[in-house]
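Undergrad: Sequence and predicted structure below; questions after.
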Amino acid sequence: MIPGPFSYHRPASVADAIRLLSTFGDDARPLAGGHSLVPMMKLRLATPEHLIDLHGIDGLKGIRREGNTIVIGAMTTQHDLLASDVIANSLPILHETALLIADPQVRYRGTIGGNVANGDPGNDMPALMMTLGASYRLEGPGGARDLPASEFYQGAYFTALEPGEILTSISVPAAAAGHGYAYEKLKRKIGDYATAAAAVVLTMAGGKVTSCSIGLTNLNETPLLATDAAKAVIGTSLDEATLKKAAAAAVAIMAPASDARGPAEYRKHVGGIMVTRALTRAAARAS
Amino acid sequence: MAKTQKTHVTMKVNGAEVEGLVEPRTLLVHFIRENLSLTGTHIGCETTHCGACTVDLDGMSVKSCTVFAVQAEGSEIMTIEGVANADGSLSALQEGFRMMHGLQCGFCTPGMILRAQRLLKENPSPTEAEIRMGISGNFCRCTGYQNIVKAIQYAAAKINGVEFQEAAE
């Protein structure tokens, strides 16, 4: 399988990349790790005339702490995330999630920027970024803007990115000290996209939940924040009745496709189980 | 640049400087097999799943069916043809696959060995679970993986200078 012909561009700066994307418009696609785009090109489901490879731009890679915020360059790979002490210490759920994405070879190439910006409902990072209250830096011909992850996703493969814009970095507030977290992902086999997955970040005091955020992956055209489910557990000790109530509230907003991963009813059912498991495991980790 | 215009690429493959003219859409695996005639790197699924095309690129295991040759400009690459020791003897991993019967048809073996080599560089004493996770991007349809895991354990022991103890089954 060989992709259709294209011209290859390797800009050395974000400004050059934006200029190329603006010039070629819909005929151009930015290339990050390429592990979603290149397979699509081989199937001729994507036939860009111009590929703008972002690997030549130094400033797009890296993880740094700025006060209480972790800033992650868009071209940082999943492998980089797994190797980072900053991530392991300040955002351990990001480490846990990266480890559940694809396989080692794909993680050496696949980037967090590509994962969140592609708009694929199967990608794991978007729901996690919403759960963590992250924001995306988008740069385009009109300048730079920051957009909360929760406002970025509009539909399957449709995002708030304007023509000529690229996502250059992600800012994530460091999780609170003593927080509990879990990313529960049901998949058919290792390396697969989620049949259903849930991210939970919570804090507890005196055995009761004081704050909670729940995100859902591949249970809708876009990633979801299960806000009612999260509200249902605040002030509780996550007893069985509360877990049931929270799972039901999460299931109520799920609208997965019926596909090779199962009919919608099944995926909603296991989606509720992922929420329950993630809540339980997160609570056990909280201190 | 016209779409079909060929680009000149140079890279170091198994220690040797190589060059060639490629279309931008030429995948690295095709450059390696067809331009360089190094056919030990196999093409399996062509969909980034099976890992048969795994090579080492600048210290990373990559599936060479999902990287364009133009992206490897200036890179250092190792393929199965570069794995043996300088004197031509088998590397610890090659020996491990031979001694532990880590292959049957052999189709996945080049990718397995290149992946396992990078795994052992990053983690010289992996547990069995870490080996299995470490090769989770490489499919074998013959062995059931058991002997591949043993082959990698054999190689790790040899590299670390300790005696290989086969775990009881």
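TA: Done, it's in.
Undergrad: what sits against the residue nearest the centre of chain B?
TA: The residue lying closest to the centre of chain B (C-alpha atoms, centre = their mean) is residue B:114, at 2.5 Å. For residue B:114, the contact set (C-beta atoms under 8 Å, 6 or more residues apart in numbering or on different chains) comprises B:54, B:55, B:56, B:61, B:78, B:79, B:80, B:83. No exception for glycine: its C-beta is placed from N, CA and C like everyone else's.
Undergrad: Keep only the residues you listed that also lie close to chain A.
TA: For chain A, the contacts drawn from the contacts of residue B:114 by C-beta under 8 Å from any C-beta of the partner chain are B:54, B:61.
Undergrad: By neighbours, which of the contacts of residue B:114 wins?
TA: Neighbour counts for the contacts of residue B:114 peak at residue B:54, which has 33 neighbours (criterion: other C-beta atoms under 10 Å in any protein chain shown).
Undergrad: And the residue of chain B that's closest to chain A?
TA: Nearest residue of chain B to chain A, counting by C-beta to the nearest C-beta: residue B:137, 2.9 Å away.
Undergrad: Quick check: the gap between that residue and residue A:190.
TA: 9 Å (C-beta to C-beta, to the nearest Å).
Undergrad: same check, this time on residue A:232
TA: 33 Å.
Undergrad: higher neighbour count, those two?
TA: Neighbours per residue (other C-beta under 10 Å) separate residue A:232 from residue A:190, with residue A:232 holding more: 22 against 12.
Undergrad: Which of the three states applies to the more buried one?
TA: What DSSP: H, G, I helix; E, B strand; the rest coil gives for residue A:232 is helix.
Undergrad: residues in contact with the residue lying closest to it once chain neighbours are set aside?
TA: In space, and not counting its chain neighbours, residue A:232 is closest to residue A:246: 4.6 Å by C-beta to C-beta, 6 or more residues apart in numbering or on different chains. For residue A:246, the contact set (C-beta under 8 Å, 6+ apart) comprises A:214, A:226, A:229, A:230, A:232, A:233, A:275, A:276, A:279.
Undergrad: ok so, going back, now the common contact residues for residue B:137 and residue A:190.
TA: Common contacts of residue B:137 and residue A:190 (C-beta under 8 Å, 6+ apart): residue A:103.
Undergrad: domain parsing for the chain?
TA: Picking chain A for this. A:7-53, A:61-173, A:180-285 (automatic domain parsing).
Undergrad: Chain B was what I was after
TA: Looking at automatic domain parsing, the domains of chain B come to B:7-82, B:92-160.
Undergrad: what mean pLDDT does the last one have?
TA: When you say that, I think you mean domain B:92-160. For domain B:92-160, mean pLDDT rounds to 97.
Undergrad: chain center to it, what's the gap?
TA: Domain B:92-160 has its average C-alpha position 11 Å from the chain's average C-alpha position, going by C-alpha atoms, centre = their mean, to the nearest Å.
Undergrad: Report how far apart the opening and closing residues of it are.
TA: 10 Å (C-alpha to C-alpha, to the nearest Å).
Undergrad: Write out the residues of the stretch 151-287 of chain A neighbouring chain B.
TA: A:190, A:191.
Undergrad: and residue 102, what does it touch?
TA: In the absence of a named chain, chain A is used. Contacts here follow C-beta under 8 Å, 6+ apart; on that basis residue A:102 touches A:35, A:78, A:110, A:191, B:137.
Undergrad: meant chain B, my bad for not saying
TA: B:96, B:109, B:112, B:143, B:147, B:148, B:150, B:151, B:152.
Undergrad: so the last one touches residue B:117, yeah?
TA: In this case it means residue B:152. No. Judged on C-beta atoms under 8 Å, residue B:152 makes no contact with residue B:117 at a distance of 9.5 Å.
Undergrad: what does the model give residue A:1 for pLDDT?
TA: pLDDT for residue A:1: 88.
Undergrad: Is there a neighbour count for the residue lying closest to it once chain neighbours are set aside? I'd like the number.
TA: Nearest in space to residue A:1, with sequence neighbours left out and distances taken as C-beta to C-beta, 6+ apart, is residue A:42 at 3.9 Å. Here the number of neighbours of residue A:42 (other C-beta under 10 Å) works out to 20.
Undergrad: How about the one 3 residues further on?
TA: A total of 9 residues lie near residue A:45 under the criterion other C-beta under 10 Å.
Undergrad: any idea how far residue A:136 is from it?
TA: For residue A:45 relative to residue A:136 (C-beta to C-beta), the value is 25 Å.
Undergrad: same deal with residue A:120?
TA: Using C-beta to C-beta, residue A:120 is found at 16 Å from residue A:136.
Undergrad: Please report phi then psi for the residue in the stretch 51-200 of chain A that chain B sits nearest to.
TA: Residue nearest to chain B within the stretch 51-200 of chain A: residue A:103 (2.9 Å; C-beta to the nearest C-beta). Here is the backbone geometry of residue A:103 (degrees, to the nearest 10): phi -140, psi 170.
Undergrad: For residue B:49, the count of nearby residues, please.
TA: Applying other C-beta under 10 Å, I find that residue B:49 has 21 neighbouring residues.
Undergrad: Can you tell me the element it falls in?
TA: Using DSSP states H and E, residue B:49 sits in no helix or strand.
Undergrad: now the end-to-end length of stretch B:39-55.
TA: Stretch B:39-55 stretches 12 Å from its first residue to its last (C-alpha to C-alpha).
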